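*Asks:* Quick one, structure for this:
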Amino acid sequence: MLETGADRLLLISKEIKEKLPNLSDQQMAIDINRHYLSVNLQEEVVFANGSTSRMRTAGKTALRRINRILRQYPEMMVEVVGHLDN
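*Replies:* Numbers count the residues shown, from 1 in each chain. From the prediction side, this is the model:
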């Protein structure tokens, strides 16, 4: 049985949550729409305090794990967007 796009997004979302169990819902938000999956990592997870260029080890680990998951789905388009409040 072929999975729908929505099923695939749910599967990816579940896998991301399983691979990043130490991040709370406030630190990582996952939004699923019919056509896309959005993963939002809070600034304090990714960057060191007061820095916009020095990444935390936990942030690098989270991004690497998400990358490994997404690479399993080469047919999917991925867009990476980043911004800081500063």
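
*Asks:* Return the set of buried residues in stretch 42-58.
*Replies:* By neighbour count on 16 or more other Cβ atoms under 10 Å, the buried set for stretch 42-58 is Glu43, Val45, Val46, Phe47, Met55, Ala58. Just so you know, the C-beta spots here come from the backbone N, C-alpha and C atoms, and that holds for glycine as well.

*Asks:* Likewise for stretch 26-39?
*Replies:* The neighbour-count check on stretch 26-39 (16+ other Cβ under 10 Å) flags Gln27, Met28, Ile30, Leu37, Val39 as buried.

*Asks:* contacting residues around the helix or strand harbouring Glu18?
*Replies:* For Glu18, the host element (DSSP states H and E) is helix 5-19. With contacts defined as Cβ atoms under 8 Å, 6 or more residues apart in numbering, helix 5-19 is touched by 3, 30, 32, 34-37, 39, 65-66, 68-70, 73, 76.

*Asks:* Run through the neighbouring helices and strands of the helix or strand following that helix.
*Replies:* Remark: after helix 5-19, the chain's next helix or strand is strand 28-32, criterion DSSP H and E. Where contact means 3 or more Cβ pairs under 8 Å, 6 or more residues apart in numbering; DSSP states H and E, strand 28-32 is packed against helix 5-19, strand 37-41.

*Asks:* Buried deepest among these, which one?
*Replies:* Of all the helices and strands packed on strand 28-32, strand 37-41 has the most neighbours on average by mean count of other Cβ atoms under 10 Å, namely a mean of 16.
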